[in-house]
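# Quick one: sequence and predicted model below, then my questions.
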Amino acid sequence: MDKKTPSIAMVPCPGTSHLIAQIEFAKRLLHLHPDFHVTILIPTLGPPSSSMNSILQSLPPSIHFTILPQVDPHDLPPNADPASLMLLAVTHSLPSLSQALSSLTSQTHHLVALVLSTFSVDAIEVAREFDLPAYVYHPSAATSLAFLLHYPEIDGIVVSRKFGELKLKEPLKLPGCIPLEAQDLSNLIPETSHDFHRTLVQVSKGLHMADGILLNSFEDLEPGPIRALQDVLPVYPIGPIVQNESNISSNSSECLAWLDTQPKNSVLYVSFGSGGTLPQEQLNELAYGLELSGHKFLWVVRAPSDGAANSSYLNAQKDVDPLEYLPKGFVDRTKGQGFVIRSWAPQIEVLRHGSTYGFLTHCGWNSTLESVVCGKSMIAWPLFAEQRMNAALLNDQFKVALRPKVNEKGVVEREEVSRVVKCLMEGDEGKEMGRRMGMFKDAAVKALGKDGASTEAFEKVVTKWENLKS
Ligand code: UDP
């Protein structure tokens, strides 16, 4: 009988939220199976960012990590989109990944599996080299997984693939999923000459080759898509796995102290994820709209983008004071009504706080699930990647979020901001959404309980890994 410690290696793709997602997966595994050993092998596009350093410094001692040598920027196409860069960072790191794995296997641990991110599927090739099963941890919705798996087949319904102005013959009907309109997919279906198209095809191919796909969703949230996926592939819904406390140290005490002084269920939390930014005009309209609503708010303000809304996602944020970009006098006028925090908030603590009532969010999947486990209904304000699809799920399927309307220039005007904020915070529709969110929150607790469906799904996978050990 082999007495070595069972061990897995994880390979996230670049991106703060991907690293956080993999760490939280590792913590969940170690919570259920403290005998396991986890090493995270991290491909990088540049020197570690301050947020990455902060995350890694706060890792529990049971989670080990190695930062792989930085990819040479000359090997990357200029102006590639973030998803392609994430995929390529992993592809170019395969030799160093292979080396790192050799040293892991030669220790006292028995490596039983490689766990990848959706955009690190190219590492399946390295898993094969070491005769290891390759699992993908998809840190997003079952619906987005269905989209990626079926991406190469969607041509039949596409009339025009102009990025951002997609035209479809009819809504996209993925097995078990709600029909998706062109506006929900406009950021996800690029022209076929685009790097992003090749990336999506590559990811789709990789997902089909994986030995299993662990999904950060749960049966009561997405029953239709999950069942349809499980009809064709070994898909394990193990979520919701979210951070229990913030992974990044921030100037958190001030904003939590402010929340402590606010009435129960009175504050709207406003944040656009780890790197979402708004153009200056939209930033102004949001500021005036929050002020106009009269409702309390806690806003994580980031300097406006010059270009795409995801321009800060893989790059360091501008070294400027974001508050300087707010309308003149805004901070003074809203003293007492609102609290603004620069660039980063302790999100999970904010969402869990009794004074927080709702969440104006960019609909990143981690933020979505964090809102679910804290039972906070939402205003869906998607910016990039699969966020529009998530917004459609939140609004049309789960019915827990309102969607502000944009004008002909794509801007949400201040009156509209104020309208949706009031509707969420004081209207009957908002109350009904809060009630539904409460149901999902309870279902999430049940799924993660001792005999819950998500725990059982996780145990099935771990049993397979443990059997490989003996
Ligand atoms: N986050 C945070 N504070 C912030 C912004 C983001 O703690 O000010 C965390 C958030 O709790 C979540 C992650 O960063 O865990 C963002 O992930 P998500 O999938 O929502 O969006 P992305 O960053 O990928 O756009």
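Perfect, I can see it now. Just so we're clear, the structure is a prediction, and the values are computed from it rather than from any experiment.

# Low-confidence ranges, the stretch 201-350 of the chain, go.
247-252, 307-318 (pLDDT under 70).

# The longest strand seen in the chain near the ligand anywhere?
Longest strand of the chain, by residue count under DSSP state E: strand 109-117. No: using CB under 6 Å from any ligand atom, strand 109-117 never reaches the ligand; the gap is at least 11.5 Å. All C-beta spots, glycine's among them, are computed from the backbone N, C-alpha and C.

# Packing partners of that strand?
Contacts defined by 3 or more CB pairs under 8 Å, 6 or more residues apart in numbering; DSSP states H and E place strand 109-117 against strand 5-11, helix 16-32, helix 94-105, helix 124-129, strand 134-138, helix 453-469.

# Relative to the shortest one, what are the paired strands and their orientations?
Meaning strand 134-138. Counting by DSSP bridges, the strands paired with strand 134-138 are strand 109-117 (parallel), strand 212-215 (parallel).

# Just give the nearest non-adjacent residue to the closest residue to the ligand within the stretch 301-450 of the chain, would you?
Distances between the stretch 301-450 of the chain and the ligand by CB to the nearest ligand atom are smallest at Gly364, namely 2.2 Å. Of all residues not flanking Gly364 in the chain, Gly273 sits nearest, at 4.2 Å (CB to CB, 6 or more residues apart in numbering).

# Tell me, how many residues neighbour the one you found?
Gly273: 26 surrounding residues under other CB atoms under 10 Å.

# What distance do you get for it to Val445?
According to CB to CB, to the nearest Å, Gly273 stands 25 Å off from Val445.

# Reformat the strands paired with strand 134-138 as JSON lines; add distance to Phe384.
As requested, the strands paired with strand 134-138 are exported to JSON lines (distance: least, CB to CB, whole Å):
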{"stretch": "strand 109-117", "distance to Phe384": "17"}
{"stretch": "strand 212-215", "distance to Phe384": "21"}
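
# In CSV: those, plus mean neighbour count.
Formatted as CSV, the entries for those read as follows, by neighbours: other CB atoms under 10 Å:
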stretch, mean neighbour count
strand 109-117, 23
strand 212-215, 23
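
# picking that back up, hang on, isn't the residue of the stretch 301-450 of the chain closest to the ligand packed against Met389?
No: counting by CB atoms under 8 Å, Gly364 does not reach Met389; the two are 11.6 Å apart.

# sorry, back to before: I'd like the average pLDDT over the longest strand of the chain.
Across strand 109-117, pLDDT averages out at 94.

# Please apply the same query to stretch 461-470.
For stretch 461-470, mean pLDDT rounds to 86.

# State which helix of this protein is the longest.
Ranked by number of residues, the top helix in the chain under DSSP state H is helix 428-448.

# show me the contacts for the closest residue to Glu125 other than its chain neighbours.
Distance criterion CB to CB, 6+ apart; nearest residue to Glu125, sequence neighbours excluded, is Leu94 at 6.7 Å. Residues near Leu94 by CB atoms under 8 Å, 6 or more residues apart in numbering: 122-123, 125-126.

# Burial-wise, tell me which of the helices and strands packed on strand 109-117 comes out on top.
Most buried of the helices and strands packed on strand 109-117, by mean neighbour count (mean count of other CB atoms under 10 Å): strand 134-138, with a mean of 25.

# contacting residues around that one?
By CB under 8 Å, 6+ apart, the residues outside strand 134-138 that reach it are 10, 21-22, 25, 113-118, 121, 123-124, 127-128, 144-145, 206-207, 209-216, 461.

# repeat that with 7 Å
Under the criterion CB atoms under 7 Å, 6 or more residues apart in numbering, residues 22, 25, 113-118, 121, 124, 127, 145, 207, 210-216, 461 lie in contact with strand 134-138.

# what does stretch 152-172 give?
179-182, 185-187, 189-192, 194, 201, 204.
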